[in-house]
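Colleague: I'd like to go over a predicted model; first the sequence, then the structure.
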Amino acid sequence: MYRLENADDIVSPILVAALDSWVDAGAASTAAAELLGGDGDVVAVFDSDALFDYRARRPTLEIVDGRAAELTWPELVVRRARAGERDVLVLTGAEPDYRWHGFTDAAVEMAKRLGVTEWISLGAIPAAVPHTRRVHVLGTASGPGLLRGGVAPGPDGVLRVPAAAISVLDHAISRAGIPTVGYFVQIPHYITGPYPAGSVELVRLVGLHLDHEFPLGSLREQARQLEERLDAATAADENTKAYVERLESMVDEARLPSGDDLIADIERFLRDQGGEGGQRP
């Protein structure tokens, strides 16, 4: 299911994982993972032919002057990054279409072979939150005291949602005895494209785990520019302005969404995107 490369001298790494699709609203988690992994050495490559439906995730063909020049295939890779003197492994790419059990077993085996000491899952979910307030984060953890940055596990009570592959991995890694945490930023549900502010927050939280400040490149400036555009669009329409102000009031009163509210937000988002068969969140 996978092959290892350049993995001989890795010692006690933390592994950060983010997959596209189901819990990657605004591409916030995969953008954060791609920034963290950068152009680091490839440590592991998963078998794309075993995991992907190429009719759903067609390779991209680049045509130059009428000549088929290059194919880019969907992939799942682990790259090696550095945080000071420490190794960080970053698993990112497309969420598998097939063989989730086999993929999960392989990921657990890989984590054990590489001596992973902690697993950090990153995700992003649509929510009834305004772009004008600090990004809110929902946390998961396999044990107490693992989350950083003031993030608390939640929401309270029982929340049942269709699982993402990243959550299946998190669950299996935890059962294998490796501590796990998950950070899931809430993305304003009226955002239809990339949301770099969510990526900035996820990178910050990973940095807190490693006592290391990662360079953000252009992400912070992208977040500022998007906020300005959203502010202008909000000010231009009274209904939108009133709606954003209502969301602000809810956040300022610390009225966090319940499990039922979260499910309703996700269902609304999927309807707007055309359901599972349409654009992926």
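Modeller: Nice, I can see it. Note that this is a predicted model, so its numbers are computed, not measured.
Colleague: Verify the contact between Ala27 and Ile191 for me.
Modeller: No. Taking Cβ atoms under 8 Å as the definition, Ala27 is not a contact partner of Ile191, at 10.4 Å. For every residue, glycine as well, the C-beta is placed using N, CA and C.
Colleague: residue ranges of the strands in the stretch 51-200 of the chain, please?
Modeller: For the stretch 51-200 of the chain, the strands defined by DSSP state E, counting those that start in this stretch cover 60-64, 67-72, 76-83, 86-93, 118-127, 137-141, 180-188.
Colleague: Return the set of buried residues in the fifth one.
Modeller: Applying a neighbour-count criterion of 16 or more other Cβ atoms under 10 Å, one finds 118-127 buried in strand 118-127.
Colleague: Redo those as TSV? Include pLDDT and distance to Leu36.
Modeller: Formatted as TSV, the entries for those read as follows, by pLDDT from 0 to 100; distance: Cβ to Cβ, whole Å:
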residue	pLDDT	distance to Leu36
Glu118	97	14
Trp119	98	14
Ile120	98	10
Ser121	98	13
Leu122	98	9
Gly123	97	14
Ala124	97	15
Ile125	95	20
Pro126	93	23
Ala127	92	23
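Colleague: can you redo these as a markdown table with distance to Phe46?
Modeller: Compiled in a markdown table, the buried residues of strand 118-127 are given as follows (distance: Cβ to Cβ, whole Å):
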| residue | distance to Phe46 |
| --- | --- |
| Glu118 | 21 |
| Trp119 | 16 |
| Ile120 | 19 |
| Ser121 | 17 |
| Leu122 | 18 |
| Gly123 | 19 |
| Ala124 | 22 |
| Ile125 | 24 |
| Pro126 | 27 |
| Ala127 | 30 |
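Colleague: farthest-separated two in these?
Modeller: Between any two of the buried residues of strand 118-127, the greatest separation by Cβ to Cβ is 27.6 Å, found for Glu118 and Pro126.
Colleague: Show me where the protein dips below the pLDDT cut-off.
Modeller: 254-281 (pLDDT under 70).
Colleague: which ones are touching the closest residue to Gly143 other than its chain neighbours?
Modeller: The shortest distance from Gly143 to any residue other than its chain neighbours is 6.2 Å, reached at Pro179 (Cβ to Cβ, 6 or more residues apart in numbering). Pro179 makes contact with 117-119, 142-143, 146 under the criterion Cβ atoms under 8 Å, 6 or more residues apart in numbering.
Colleague: Would you mind checking which of those residues is nearest to Tyr54?
Modeller: Compare each of these with Tyr54 using Cβ to Cβ and the shortest gap goes to Trp119, at 28.7 Å.
Colleague: That closest one contacts Ile178, correct?
Modeller: Yes. With contacts counted by Cβ under 8 Å, Trp119 reaches Ile178, the gap being 5.5 Å.
Colleague: which residues are common contacts for these two?
Modeller: Ala111.
Colleague: Measure how buried the closest residue to Gly40 other than its chain neighbours is and give me the count.
Modeller: Spatial nearest neighbour of Gly40, chain neighbours left out: Arg79 (4.1 Å); criterion: Cβ to Cβ, 6+ apart. Around Arg79 sit 22 other residues, with neighbours defined as other Cβ atoms under 10 Å.
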